[in-house]
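1. For reference, the sequence and a predicted model appear below.
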Amino acid sequence: MKKPHHLLELFWVFFKIGAMTFGGGLAMMPIMRREVVETKGWVNDDDILKILVISESTPGVFAVNAATFIGYKIQGFMGALVSTLGVIIPSLITISIISFFILQFKSLILVQYAFYGIQAAVALLIFKAALKLSKKIHFDAFAWIVLLSSILFATFTQINVLWLLLVGALLGIIYGMIEQIKGAKS
């Protein structure tokens, strides 16, 4: 992986990501991936998949966790710090400005329509990112069963997604151990 020349570049990349993304962390991932994998070459798709899993399963805001982990991978502690600051400062600025005008914004029908359209576009961004990242996953019968079961449980029950991640991890460990034992016997 190539290292950035200085921390300001790392800050600027995450500042742009934070400023140009609507819809939260998952909507941010396609843009973050394009910037840090395709444009800068700082990490690869396998790193992004690992960061997705870690960010989704640790407490805190997904986008901040992802920026922190990517920054740490690239430049250690200082990289984590500037990436985190870069990704949250645009939101802080935007929220501060909107908070002054919230009542006026809230009542404008055009603003309500704009956010309705943005929500639809964000859903498409998340779907596109999921498709791109799923190409890196080896889908066998076990993976399909876990995927479909997780979708059903997440959709039709009130089970917290964190529990689904933990159960998926546990099942993956058990499955991996069984496959390893089978491989050792043959």
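-> Okay, I see it.

2. Against residue 100, how distant is residue 186?
-> From residue 186 across to residue 100, the span is 68 Å (C-beta to C-beta, to the nearest Å). In this view, the C-beta of every residue, glycine as well, is placed from N, C-alpha and C.

3. Pick out whichever of the two has more residues nearby.
-> residue 100 (9 against 4; other C-beta atoms under 10 Å).

4. Could you check which helix or strand contains the more buried one?
-> helix 62-107 (DSSP states H and E).

5. Helix or strand next in line after that helix, which one?
-> Under the assignment DSSP H and E, the closest C-terminal helix or strand after helix 62-107 is helix 109-134.

6. which secondary structure elements does that following helix contact?
-> Counting contacts by 3 or more C-beta pairs under 8 Å, 6 or more residues apart in numbering; DSSP states H and E, helix 109-134 is packed against helix 25-33, helix 45-57.

7. Quick one: work out the angle between the helix holding residue 100 and helix 25-33.
-> Relative orientation of helix 62-107 versus helix 25-33 (axes from the mean of the first three to the mean of the last three C-alpha atoms, to 10 degrees): 120 degrees.

8. Helix 62-107 versus helix 45-57: what angle between them?
-> 60 degrees.

9. Give me the helix or strand of the protein that scores worst on average pLDDT.
-> Taking mean pLDDT, DSSP states H and E as the measure, the chain has helix 25-33 as its least confident helix or strand, at a mean of 78.

10. What lies in contact with it?
-> With contact meaning C-beta atoms under 8 Å, 6 or more residues apart in numbering, helix 25-33 is reached by 17-18, 20-21, 45, 48, 52, 55, 61-67, 70, 87, 122, 125-126, 128-129, 132-133.

11. about what we covered before: does anything pack onto the helix holding residue 100? Which helices or strands?
-> Packing contacts for helix 62-107, counted by 3+ C-beta pairs under 8 Å, 6+ apart, involve helix 7-20, helix 25-33, helix 45-57.

12. Poorly predicted segments of the chain, please.
-> For the chain, applying pLDDT under 70 flags the ranges 1-5, 22-25, 57, 102-103, 106.

13. Can you spell out the domain ranges of it, please?
-> 7-135, 138-186 (automatic domain parsing).

14. Deepest-packed of the ones you listed, please.
-> domain 7-135 (a mean of 16; mean count of other C-beta atoms under 10 Å).

15. of all the helices and strands packed on helix 62-107, which lies closest to residue 117?
-> Distance to residue 117, taken as C-beta to C-beta, is lowest for helix 25-33 among the helices and strands packed on helix 62-107, at 13.6 Å.

16. now the closest one against helix 7-20, angle please.
-> Using the same axes, to 10 degrees: helix 25-33 against helix 7-20 is 140 degrees.

17. Dump helix 25-33 to PDB, restricted to CA.
-> The C-alpha trace of helix 25-33 is given here as PDB (Å, rounded to 0.1, in the frame of the first residue of the first chain):
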ATOM      1  CA  GLY A  25     -22.200   5.300   7.100                       C
ATOM      2  CA  LEU A  26     -23.300   2.600   4.800                       C
ATOM      3  CA  ALA A  27     -24.100   5.300   2.100                       C
ATOM      4  CA  MET A  28     -20.600   6.600   2.700                       C
ATOM      5  CA  MET A  29     -18.900   3.300   2.000                       C
ATOM      6  CA  PRO A  30     -19.000   3.400  -1.800                       C
ATOM      7  CA  ILE A  31     -17.400   6.800  -1.800                       C
ATOM      8  CA  MET A  32     -14.900   5.900   0.900                       C
ATOM      9  CA  ARG A  33     -14.000   2.700  -1.000                       C
END
